[in-house]
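Engineer: I would like the atomic coordinates for the input below:
(chains A and B)
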Amino acid sequence: GEDVEQSLFLSVREGDSSVINCTYTDSSSTYLYWYKQEPGAGLQLLTYIFSNMDMKQDQRLTVLLNKKDKHLSLRIADTQTGDSAIYFCAESGYGNNRLAFGKGNQVVVIP
Amino acid sequence: ETGVTQTPRHLVMGMTNKKSLKCEQHLGHNAMYWYKQSAKKPLELMFVYNFKEQTENNSVPSRFSPECPNSSHLFLHLHTLQPEDSALYLCASSQAKSGGPTDEQYFGPGTRLTVT
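Structural biologist: A predicted model of the protein is given here:
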């Protein structure tokens, strides 16, 4: 079955880079996603990567995928106070609209 | 503004009450979802509706009853809940595609439910 693992807490100084990691078990995963949840809000899709890619860059966000190790990471460059949130990775398979989420990683940005 | 709204935002109910959560999407999507978010646990998928038909019930107790009258609206009817049902209930929608890759899900802000 699907199982997505994330570590729970990261503290980072404003202006530094932050890296959040995620591992998954379903080798048939087609898309892997990063969602952000700010306090009192729903989840917002930040970025996603197709499983045949190993890197995707989108402004301050860099996603790295190691398909062999089933490891996904999100790097946020020049972290801002507005980046303080919980970050969830998720995965899905081809042809189904079912997402499996990790427990989330809380990022706290210190001014 | 995500285009997915949920009401109420907060709800406190006793174990013998009956209440309903409402979700509405303004994005023209044809798939809608209910998720349960509890502290320190992964987001749990509860129900999936594609084109108003329920396509997934993830072993959810019968005290939770979904209803999808049309592609834009989704309800979750609650009846004789337990304190452990207290959680944030999130609704999402997407453009379901048959035979293609999963499309992005857009989430509402959630309803914070407390069962006393």
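Engineer: I'd like to know how many residues surround the residue of chain B found nearest chain A.
Structural biologist: Residue nearest to chain A within chain B (CB to the nearest CB): B:F107, separated by 3.4 Å. (Glycine included, C-beta is placed from N, CA and C.) Neighbourhood size, B:F107 [other CB atoms under 10 Å in any protein chain shown]: 23.
Engineer: any idea how far A:E5 is from the closest residue in space to it that isn't next to it in sequence?
Structural biologist: Take B:F107 and drop its neighbours on the chain: the residue closest to it by CB to CB, 6 or more residues apart in numbering or on different chains is A:G42, 3.4 Å away. Separation of A:G42 from A:E5 (CB to CB, to the nearest Å): 23 Å.
Engineer: of these two, who's got more company?
Structural biologist: Neighbours around A:G42 and A:E5, counted as other CB under 10 Å, are more numerous at A:G42. The numbers are 22 against 15.
Engineer: Quick one: classify the closest residue to B:K41 other than its chain neighbours as helix, strand or coil.
Structural biologist: Ranked by CB to CB, 6+ apart and with sequence neighbours excluded, the top spatial neighbour of B:K41 is A:K103, at 6.4 Å. Following DSSP: H, G, I helix; E, B strand; the rest coil, we place A:K103 in the coil state.
Engineer: For A:K103, give me phi and psi.
Structural biologist: Here is the backbone geometry of A:K103 (degrees, to the nearest 10): phi -80, psi -20.
Engineer: low-scoring stretches of chain B, by residue?
Structural biologist: Within chain B, the set of residues satisfying pLDDT under 70 comprises B:1-2, B:97-103.
Engineer: Grab the most central residue of it for me.
Structural biologist: B:W34 (2.5 Å; CA atoms, centre = their mean).
Engineer: Enumerate the residues of chain A near chain B.
Structural biologist: A:4, A:8, A:30-31, A:33, A:35, A:40-45, A:48, A:50, A:88, A:90, A:92-104 (CB under 8 Å from any CB of the partner chain).
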